[in-house]
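> got a predicted structure plus its sequence, pasted below:
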Amino acid sequence: MSNAGKSLLAAGLCRIFKQDGFLTAPFKSQNMALNSYITKEGLEMGRAQAVQAEAAGAAPSVLMNPVLLKPTSDTGSQVIVNGEVLGTMSARAYFSYKKKLVPAILKAYRQLEEQYDIIVIEGAGSPAEINLKQDDIVNMGLARLVGSPVLLVGDIDRGGVFAQLAGTVLLLEPDERARIRGMIINKFRGDQSILDSGVEMIEKITDIPVVGVVPYMQVDLEEEDSLTSRFTRKQSGGILDIVVIRLPRISNFTDFAALEDLRQVNLRYVSAVSQLGEPDMVILPGTKNTIADLKWLRQNGLETAICRAKEKGCVIFGVCGGYQMLGRRLSDPECVEEGGSIRGMGLLPVETVFTNRKTRTQVQGQFLKVSGVLEGLSGMDISGYEIHMGRTEIICREEAEVLTEITDQTSAGQAPEAEGCCQENVYGTYIHGIFDEKGIANALLTALAERKGEELSGLREESRTEYKEAQYDLLADTLRRHLDMEAIYQMMEQEGDCR
């Protein structure tokens, strides 16, 4: 089922196979997420597969996620195929259309087969959705198409893990059951000996071996969807209080992971005025629908509360859609979102016009002369990516400063370009991952602490990339202790039996 830990386990297996000397790639034929990734070619893919590719030591490629769905409403999604926008479809329309994507999915998979020794395929949700199985292109249907053995993962932390595993196997067709070569019980806490009798019984009931009981792991990897525990995590006792507004259509929230690794920092996601408090910094994140989420912000009173916090000296930082909201006006003449025009929050002298052209590019550059509390960021190198619809322009240059200069747009080959805006203690940028380069998070947090007359200790000296590499190794080490890797290797050696 969703959130059983498939993405994490797939990443860990990718790392193990890399450590064992195999060229390894992840693959997920169809992903649904708002937290996406931009490749060096300027193409869009699911972040989970980008994370798994990093774990495997491979360059992220849209071949690893040929179909990405980005929800635009409760009943519709933007459909992205091979990194490019195909269009927006209702759930019913996409369900009728998706079988047409099988050739593109298989082409991507075959290209990966030519380049890599091992492909770790991740399914989506449950493989036993009996109302959807006949047109499945991501779970057992895909396993049949490519002749893959299957590992079934159950989440014991939610309870009912034996019913999850047995019930799933029961609802599969005989040929599908034959593909399941092992089961994994994930997120276990406590004394494993207590579980031994249950493991023996579930193996007899299903006639499938349990190849691992994996503990609840404290590894810090980027997540991609609304099931993340980051949104509900409660922290207290830190010197700094940073608030991220949990917009209804929040996207790319992993932008802020570099700010939440320090025990002296409380980074909270809030969705109501009553939760805001008196933070040191408020972050407006990206969103799949800026205008709709700005209206939500206005209707529930958070817009007014954020403006009041700004007047008290609180730092306000907007990224992508959050940057657009901070401006004076947002116009949508081509009906990219909802059409029409709407007043922005008015905290930056910028205006945004939405267009059908989607900007997708990795970028490198540096902060220019930064105003206000965060002036210590001036001149620091940055890297990240842009993914947005429309352009934002500063309309009163005498009132504000350009925040960054992009010196290397890797997919566009353009000349240096001014980007973002800052005025007093309000900052806006289109660059996702702007806090990830070495030293930036430390400089930002130090500046916020100094404003309060406080001093931070134990700041991390490694870059975000170095930190993630250590986490991938920790994940792999944990899985080696708790998975029967010899059995898993044997499954792959017997792959021909599945074809």
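Sure thing, it's come through.
> can you list the domains in this structure?
6-221+468-498, 240-455 (automatic domain parsing).
> okay, and for the stretch 101-250 of the chain, where does confidence drop off?
224-236 (pLDDT under 70).
> need the strands for it, in chain order.
118-121, 150-155, 180-188, 210-215, 240-245, 250-251 (DSSP state E, counting those that start in this stretch).
> tell me which element Ser77 falls in.
In this assignment (DSSP states H and E), Ser77 forms part of strand 76-81.
> pull out the buried positions in the helix or strand following that strand.
Remark: after strand 76-81, the chain's next helix or strand is strand 84-90, criterion DSSP H and E. Neighbour counts using 16 or more other C-beta atoms under 10 Å place Val85, Leu86, Met89 of strand 84-90 among the buried residues. Where you see a C-beta, it was placed from the backbone N, CA and C, and this is true even at glycine.
> before we move on, what about stretch 174-185?
For stretch 174-185, by 16+ other C-beta under 10 Å, it's Glu176, Arg177, Arg179, Ile180, Arg181, Gly182, Met183, Ile184, Ile185.
> can you put the residues you listed in TSV and add distance to Val67?
What follows is these, written out as TSV (distance: C-beta to C-beta, whole Å):
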residue	distance to Val67
Glu176	21
Arg177	26
Arg179	22
Ile180	24
Arg181	26
Gly182	27
Met183	27
Ile184	26
Ile185	30
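> nearest to Ile488, of those?
Gly182 (7.0 Å; C-beta to C-beta).
> quick one: residues contacting the residue nearest to that closest one when sequence neighbours are not counted.
Among residues not flanking Gly182 along the chain, Val211 sits closest, at 3.7 Å (C-beta to C-beta, 6 or more residues apart in numbering). Contacts for Val211 (C-beta atoms under 8 Å, 6 or more residues apart in numbering) come out as Leu151, Gly182, Met183, Ile184, Leu483, Asp484, Ala487, Ile488.
> and with 6 Å instead?
Gly182, Asp484, Ala487 (C-beta atoms under 6 Å, 6 or more residues apart in numbering).
> how far away is the second one from Lys28?
Okay, so that is Asp484. Distance, Asp484 to Lys28, using C-beta to C-beta, to the nearest Å: 24 Å.
> what of the last one?
Ala487 is 23 Å from Lys28, where distance means C-beta to C-beta.
> compare those two (neighbour count), which wins?
Lys28 (26 against 14; other C-beta atoms under 10 Å).
> what is the end-to-end distance of stretch 403-423?
9 Å (C-alpha to C-alpha, to the nearest Å).
> which stretches in the stretch 301-450 of the chain count as helices?
Taking DSSP state H, counting those that start in this stretch, the helices of the stretch 301-450 of the chain run over residues 302-311, 321-326, 440-451.
> what does the longest one contact?
Right, helix 440-451. 239-240, 258-259, 280, 373-374, 376-377, 380, 435, 456, 459.
> got JSON lines for the residues you listed, with distance to Val426 and neighbour count too?
Shown next, in JSON lines, are the contacts of helix 440-451 (distance: C-beta to C-beta, whole Å; neighbours: other C-beta atoms under 10 Å):
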{"residue": "Ile239", "distance to Val426": "22", "neighbour count": "18"}
{"residue": "Leu240", "distance to Val426": "18", "neighbour count": "22"}
{"residue": "Ala258", "distance to Val426": "21", "neighbour count": "23"}
{"residue": "Leu259", "distance to Val426": "18", "neighbour count": "20"}
{"residue": "Asp280", "distance to Val426": "14", "neighbour count": "24"}
{"residue": "Val373", "distance to Val426": "10", "neighbour count": "20"}
{"residue": "Leu374", "distance to Val426": "10", "neighbour count": "21"}
{"residue": "Gly376", "distance to Val426": "16", "neighbour count": "17"}
{"residue": "Leu377", "distance to Val426": "14", "neighbour count": "24"}
{"residue": "Met380", "distance to Val426": "19", "neighbour count": "16"}
{"residue": "Phe435", "distance to Val426": "17", "neighbour count": "24"}
{"residue": "Leu456", "distance to Val426": "23", "neighbour count": "17"}
{"residue": "Leu459", "distance to Val426": "25", "neighbour count": "14"}
